[in-house]
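Engineer: Model the following, please.
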Amino acid sequence: MARSLEETARQLAAPGKGLLASDESTGTIGKRLEKALGEGSNTEENRRAYRELFYTAPIGEAGISGAILFKETLLQSAADGTPFTQCLLRQGVLPGIKVDEGLVPLEGCPGETSTRGLDTLAAACKEYAAAGARFTKWRAALKVDRETGLPSERCIEVNAAQLAEQAAICQAAGLVPIVEPELLIDGSHDQATFAAASERVISRCVAHLWQKNVLLEGCLLKPQMIIPGADYTGPRATPDEVAEQTLRVMRRVVPAAIPGIMFLSGGQTEEEATINLNRINQLAREQGRAPWSLSFSFGRSLQASVLKLWSEDQSEGREASKEACRAMAAALARANGQAVQGRYEGPHPSITSSQGSLRESFRGWRTDV
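Structural biologist: All right, here's what the predicted structure looks like:
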């Protein structure tokens, strides 16, 4: 099993490849659909049809090695009856599954959360593996606030322990775990504060992975790039600054045994996330000392332009835009696949980046989405 876990992790972190994070909960994807399509559009068929645009696009050859699915989506099929898992596998994209059950308030830590789902995880993993999943993702969300000292030590410890425990459970079921200690960009903190918080959080996660005997070669890490808070009033961090600080933090806390660091986009625009990822990889090659794949696990930064195209189509069943949507999905994947190699040159295919950040006020640490 260890060899299988390692092989899967290496395949997900292959050169020039990254992950499509399409595992939004029914509530989260519903809010995006209703914002784009109007009230009442959060139906199972709309969610299925929207995700089919990605899974039937040529994303495998464009730069996607794996797609993270929501549990509803794992069992769904394309309009022609082909299971989504087969749509992905036939183009070399491994299906994965979000296994956490969302956030809950952390007792004694106002405004902070832990993640639920450990009690039923072992049984769920057996079902997900039988349905075709090859890897998993569990998300913790931690707030950063310099004035109040967040994230608190207790919040870090609880979430790090949960991330490690779920990783061990997933590996026991033959699934590669993606460990996601997301530090939220909400807030006015500067880049240095975010870097310090990231070191604290990721180092504790790694310590707990060791304590739980998690096979590091058979798991992946999904952190945030080191950027200032969304409400920071100082100068915007340049790609050089993002790359320098991100690499500095990762070198200090991430063991070489972990094959891939799959950065989340975290509210950056589609173009901004690509440019920063590209510069991280360029600088890593210039400096050396980067033993992992520096890749992506993007959600909004691989989806926003596709949703915009789809929402603007007024034809029956939105048939007229399907090919354009698939082409956009592949183009966004290709841009980020190039960025993983430090070879992105532009222009970027995004049609939403000029509108600013993709930050969503209804996510973050809230527990109802």
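
Engineer: going forward, measure contacts between C-alpha atoms and count neighbours the same way
Structural biologist: Fine.

Engineer: The lowest-mean-pLDDT helix or strand in the chain: what's the following helix or strand?
Structural biologist: Least confident helix or strand of the chain, by mean pLDDT, DSSP states H and E, is helix 26-37 with a mean of 90. Next along the chain after helix 26-37, taking DSSP states H and E as the criterion, comes helix 44-55.

Engineer: Keeping just the C-alphas, turn the helix or strand just after that following helix into PDB.
Structural biologist: Downstream of helix 44-55, the next assigned helix or strand under DSSP H and E is helix 59-62. Extracted in PDB, the C-alpha atoms of helix 59-62 (Å, rounded to 0.1, in the frame of the first residue of the first chain):
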ATOM      1  CA  ILE A  59      -8.000  19.400 -18.800                       C
ATOM      2  CA  GLY A  60      -5.700  16.400 -18.500                       C
ATOM      3  CA  GLU A  61      -3.500  17.300 -21.400                       C
ATOM      4  CA  ALA A  62      -3.700  21.000 -20.400                       C
END
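
Engineer: outside of helix 59-62, which residues touch it?
Structural biologist: The contact list for helix 59-62 (CA atoms under 8 Å, 6 or more residues apart in numbering) reads 88, 91-93, 329-331, 333-334, 337.

Engineer: Report the angle between the least confident helix or strand of the chain and helix 44-55.
Structural biologist: 80 degrees (axes from the mean of the first three to the mean of the last three CA atoms, to 10 degrees).

Engineer: so E182 sits in a helix?
Structural biologist: No - if the criterion is DSSP: H, G, I helix; E, B strand; the rest coil, then E182 is strand and not within a helix.

Engineer: Setting aside sequence neighbours, what's the nearest residue to it?
Structural biologist: A141 (4.9 Å; CA to CA, 6 or more residues apart in numbering).

Engineer: Now the one you found, what are its backbone angles?
Structural biologist: phi -130, psi 120 (degrees, to the nearest 10).

Engineer: Surely it touches T113?
Structural biologist: Yes - under the criterion of CA atoms under 8 Å, A141 makes contact with T113 at 7.0 Å.

Engineer: could you pull out the helices for the stretch 201-350 of the chain?
Structural biologist: Under the criterion DSSP state H, counting those that start in this stretch, the stretch 201-350 of the chain contains helices at 239-253, 270-287, 300-311, 322-340.

Engineer: Next, format the ones you listed as CSV and append mean neighbour count and mean pLDDT.
Structural biologist: CSV is the format used below for those (neighbours: other CA atoms under 10 Å; pLDDT from 0 to 100):
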stretch, mean neighbour count, mean pLDDT
helix 239-253, 18, 98
helix 270-287, 22, 98
helix 300-311, 22, 94
helix 322-340, 24, 97
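
Engineer: Good, wrapping up.
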